[in-house]
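Trainee: could you work out the structure for the sequence below:
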Amino acid sequence: DGGLGRDSALALNFKPAQNLLQQQRQRQQERRQRRWGGRKQQQQQAAGGAADGGDLEAGAGSSNGTEDVGAGANPAPLVLSWENVCCRVVLSSGRARYVLQSVSGVAGPPRHSSPPVSTNPPAPAATPDGHDSAPASPNGGPASPPHSITSPHLQLPHSRASCLFAILGPSGAGKTTLLDILAGRKWGEGVSGEVRVNGHLVGPEAIRKLSGYVQQEAILPGTSTVSEYLTFHAQLRMPRAATTPSTTGITSAAGHAHGPHASHPSGPSLLSRLASGSVPAGAGGSGGRRAAAEAAAAAARARVREVVHELSLDKVAHSFIGDAFVRGLSGGEKRRVSIGCELLTRPGLLFLDEPTTGLDSTNAAKVVDILAGLAAQGVTVAMSIHQPRPDIFRLMDRVALLSGEGQVVYSGPTQQAGPHFAELGYVPPAESTSVADYMLDVVIKAPSEEVGLLVDAFKRSGVARRDAAWLGDLQFGDAMQQAQQERALTSLSKYESSYSAQVSALAYRLGRNAYRHPLLISLNFVATLLMSLGIGAMYYQTGRDTGGIQDRCGSLFFMLLYLSLMSLSSLPIWRDDRLIFVRERAAGAYGTPAYFTAVVLFDLLPLRLLPPLLFTAISYPLIGLRPGGTFWFSNVLILILSNLASSSLNMAIGAALPSVASANMAGSLAVLGSTLLGGFLMSRNKMPGLIGWTSALSYVRYAFEALVITEFHGAEDFRFTAFHQPGAPPDHIPHVDVTGDQILQTFGFNLETYWQDAGMLVVLTGVFLTATFLLLRYSGR
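Mentor: Now for the predicted structure:
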């Protein structure tokens, strides 16, 4: 009895149960549409009646026949399809294992769906040539036909149907792997297959630009509030066409655009929206740029308010997100913030990796209900889920069930999943109401041979044939518009904001976090103040004899050693926010150059420039080092350059090593090695050949040589004194008068290499920073 011929007598009660589930699903779908439709109507009324200074009046309409979505029309949902997706990984033993095997499927609205109910459905009037004329749009231009969206790039029928797609399967079935491949997050060696949007073949970079992605873990900055975090992403990621005024369309304060390429709150279709992000006309000059910037900021704030309201985050909008050290939001609220971050750009596709994992039943149901509402608005939502409850499963429009070997057991409409298994003889017990649990039990408990039969049976099923015909129609339609699709894809920009805008937003966030948590900066300055007073008191007004010469060299060396040790605080600078950086970079908020620039500047300015100034301002006169403003400035310059080189080296080490513990060990060894080869603990004249060559990489060597040159070169009135009893009169102490140049030559230092040493410190800083940038750029891909 291990074949497909199960006892079919249990199917007697299955059909009534299936009809009951269908009725419940239809009622729930109607309630969801009414609820989200009411919210949308309230938001539009509020936007229309707003009179504050941040709102913008709706402008004149389009007259070029491009898209103009009415207030009651949903956008055309996108259809995501994939064929023969395979993923092969090489194990540590050298064997290859297939995580996914020839996985095909489709996520999108039903193939045949009813047209939407338009709020303004005037009948077309006949023209003199006998053709029907399109009704006028609300903005004065000709409107699109009531059942389609017309754009220069895509033509798709409107649909009221939802498009919530879920990937099910046991642990290790490859759910997350498949989702990552579909979202363009995992590609390259070992991955093969085709991914299409509306029948058009797209690559990983294109799909990332067209979609949003919510990871399983809520990776959020704990020191930011919900509103601040969403505003940050809105300013950087919202399309320019949706946040700036133009001559053909004006964005209202509620975030709804009017005119060409006007967008519904859930966004227009695929390529037409993203390909329309052109610079608005008439924005030249400082006044125009300032007005455009103010309008963009107002639109971003309005869009944030809209998303916060849609996701029921109003009560926590100004609360800290929280992390391990800061108390903040609950798990469900953090998950909704992650979803809201992706909804800001109104993506046509939204991917979520197990959004209910780690949440209690109430929060899980709330999250999925929100996703179902987004799907009803026209967003194609694809997510992986481990074991949905019956009420959550009924919200799914389409599901894909993977076996433990990464093969498709079923992929199609949720309502047909139960009948499909029933046709094969797998009928759930009468007392069971969860089709999802039963399907998973069959896949998990059945022998591998039986699961293979289930995979083959699905390939021959009517569901698979209908989906194959659907995909064929989509690809045929894409072939008719191949040129337009390619132009739209090539016109997509990687980032919506400029490099300067990215740096500015990141620097502002870093500064705000430092203001709220000033412990590191405060400790750095307090420690520098205390240490400079201590060393000034210890070497107070040192002399010019042998002991004084030694004290001068020792105090200069200690300054370098202290600043080198303090630069170890740069080691975890990338580790603290690394996950946030990788996630936000993948989402297209900013690029590696902007992040690198902002973090390096923020670390260098307060922690690498000001402490040497403070240290030298206090300790230099107390020690009695060489008087004169020129010598003091030369001393400060070298300390700053040395501090920059040391910090850059530690940044590179922190970016290269996988853990803070290993980075601390490597950073400490690097400081000790550079100190040993610095020319103070070991005379440079006595270094062996190999060690002498290695010392060329020591930033302490160049810094210490430049400092002693500043102190001794051209100075007079030094003396080498012989051994004498303490308290002996100076006239009775044997001594030899020497110059500062003779002291430098005695210890093996060159006399005319100050600027060469300063230049080498600049070169080492550049090399270390370049290595850091490359490590960041190609890590976490």
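
Trainee: how far away is Arg303 from Gln235?
Mentor: Arg303 is 10 Å from Gln235, where distance means Cβ to Cβ, to the nearest Å. C-betas here are computed from N, CA, C, even on glycine.

Trainee: these two: who's more crowded?
Mentor: Each of Arg303 and Gln235 has its neighbours counted (other Cβ atoms under 10 Å); Arg303 has more, 28 against 25.

Trainee: do a quick rundown of the strands in the stretch 401-550 of the chain.
Mentor: Assigned by DSSP state E, counting those that start in this stretch, the strands in the stretch 401-550 of the chain fall at 408-413.

Trainee: for it, which residues score under the pLDDT cut-off?
Mentor: Residue ranges of the stretch 401-550 of the chain with pLDDT under 70: 430-433, 479-495.

Trainee: would you mind confirming that Trp82 makes contact with Ser192?
Mentor: No - taking Cβ atoms under 8 Å as the definition, Trp82 is not a contact partner of Ser192, at 11.1 Å.

Trainee: looking at those two, which is more packed in?
Mentor: Counted by other Cβ under 10 Å, Trp82 and Ser192 do not tie: Trp82 has more neighbours, with 20 against 14.

Trainee: now the more buried one, what's its secondary structure?
Mentor: Under DSSP: H, G, I helix; E, B strand; the rest coil, Trp82 falls in the strand class.

Trainee: got it, and Thr345?
Mentor: Taking three-state DSSP as the rule, one finds Thr345 in the coil state.

Trainee: surely it touches Arg237?
Mentor: Yes - if you go by Cβ under 8 Å, Thr345 and Arg237 touch, sitting 5.2 Å apart.

Trainee: neighbour count: the two, which is higher?
Mentor: Thr345 (26 against 23).

Trainee: where does the more buried one fall, phi/psi-wise?
Mentor: Dihedral angles of Thr345 (phi, psi; degrees, to the nearest 10) stand at phi -90, psi 0.

Trainee: list the contacts of it.
Mentor: 212, 237-239, 267, 496 (Cβ atoms under 8 Å, 6 or more residues apart in numbering).

Trainee: which residue ranges of the stretch 101-250 of the chain form strands?
Mentor: For the stretch 101-250 of the chain, the strands defined by DSSP E, counting those that start in this stretch occupy 125-126, 132-133, 148-150, 155-157, 164-168, 191-197, 200-201, 211-214, 250-251.

Trainee: neighbouring contacts of the longest one?
Mentor: Read that as strand 191-197. Strand 191-197 is contacted by residues 78-88, 103, 181-182, 184, 201-202, 207, 210, 270, 349, 471, 474-475, 478 when judged by Cβ under 8 Å, 6+ apart.

Trainee: how about 6 Å then?
Mentor: Residues from elsewhere that reach strand 191-197 (Cβ atoms under 6 Å, 6 or more residues apart in numbering): 78, 80-87, 182, 201, 270.

Trainee: then stretch 381-390?
Mentor: The contact list for stretch 381-390, computed with Cβ under 6 Å, 6+ apart, reads 107, 164-167, 175-176, 179, 350-355, 371, 374-375, 433-434, 436.

Trainee: what about the residue nearest to Ala666 when sequence neighbours are not counted, how many residues nearby?
Mentor: Spatial nearest neighbour of Ala666, chain neighbours left out: Ile653 (5.0 Å); criterion: Cβ to Cβ, 6 or more residues apart in numbering. By other Cβ under 10 Å, the residues close to Ile653 number 25.

Trainee: any idea how far Val427 is from Ile653?
Mentor: Look at Ile653 and Val427: by Cβ to Cβ, they are 62 Å apart.

Trainee: same check on Leu344?
Mentor: Applying Cβ to Cβ to Leu344 and Val427 gives a distance of 45 Å.

Trainee: and Leu677, its phi and psi?
Mentor: phi -90, psi 20.

Trainee: wait, isn't it in contact with Ser698?
Mentor: Yes - counting by Cβ atoms under 6 Å, Leu677 touches Ser698, with 4.2 Å between them.

Trainee: who touches stretch 497-508?
Mentor: Contacts for stretch 497-508 (Cβ under 6 Å, 6+ apart): 232, 235-236, 590, 594, 597-598.

Trainee: can you give me the strands in the stretch 651-781 of the chain?
Mentor: Under DSSP E, counting those that start in this stretch, the stretch 651-781 of the chain gives strands at 718-721, 735-738.

Trainee: list the helices and strands the last one packs on?
Mentor: In this case it means strand 735-738. The contact analysis (3 or more Cβ pairs under 6 Å, 6 or more residues apart in numbering; DSSP states H and E) places strand 735-738 against strand 718-721.

Trainee: list the helices and strands the strand it packs on packs on?
Mentor: Strand 718-721 packs on strand 735-738, going by 3+ Cβ pairs under 6 Å, 6+ apart.

Trainee: now do 8 Å
Mentor: Secondary-structure packing of strand 718-721 (3 or more Cβ pairs under 8 Å, 6 or more residues apart in numbering; DSSP states H and E): helix 546-566, strand 735-738.

Trainee: identify the residues contacting the shortest one?
Mentor: Surrounding strand 735-738, the residues in contact under the criterion Cβ under 8 Å, 6+ apart are 545, 717-722.

Trainee: could you do the first one as well?
Mentor: Judged by Cβ under 8 Å, 6+ apart, the contacts made with helix 546-566 from elsewhere in the structure are 524, 527-528, 531, 535, 539, 542-543, 607, 611-612, 615-616, 619, 623, 625, 639, 642-643, 646, 671, 674-675, 678, 680, 700, 703-704, 707-708, 711-712, 718-721, 743, 747.

Trainee: now with 7 Å, please.
Mentor: With Cβ atoms under 7 Å, 6 or more residues apart in numbering as the test, helix 546-566 has contacts from 524, 531, 535, 539, 542, 611-612, 615, 623, 625, 639, 642-643, 646, 671, 675, 680, 700, 703-704, 707-708, 711, 718, 720-721, 743.

Trainee: so Pro612 touches Ile638, yeah?
Mentor: No - using Cβ atoms under 7 Å, Pro612 is not in contact with Ile638; the gap is 9.0 Å.

Trainee: more crowded one of those two?
Mentor: Taking neighbours as other Cβ under 10 Å, Pro612 and Ile638 compare with Ile638 leading, 27 against 24.

Trainee: which ones are touching Thr357?
Mentor: Going by Cβ under 7 Å, 6+ apart, Thr357 touches 216, 386.

Trainee: now it: how far from Ser93?
Mentor: Distance, Thr357 to Ser93, by Cβ to Cβ: 30 Å.

Trainee: number of residues surrounding Lys175?
Mentor: 24.

Trainee: same thing with Gly462?
Mentor: 12.

Trainee: from Tyr426, how far out is it?
Mentor: 16 Å.

Trainee: same question for Thr380.
Mentor: 29 Å.

Trainee: for the two, indicate the residue with more neighbours.
Mentor: For Thr380 versus Tyr426, the count of surrounding residues by other Cβ under 10 Å is larger for Thr380: 26 against 20.

Trainee: correct me, but the more buried one touches Val106?
Mentor: No - between Thr380 and Val106 there is no contact under Cβ under 7 Å: 10.3 Å.
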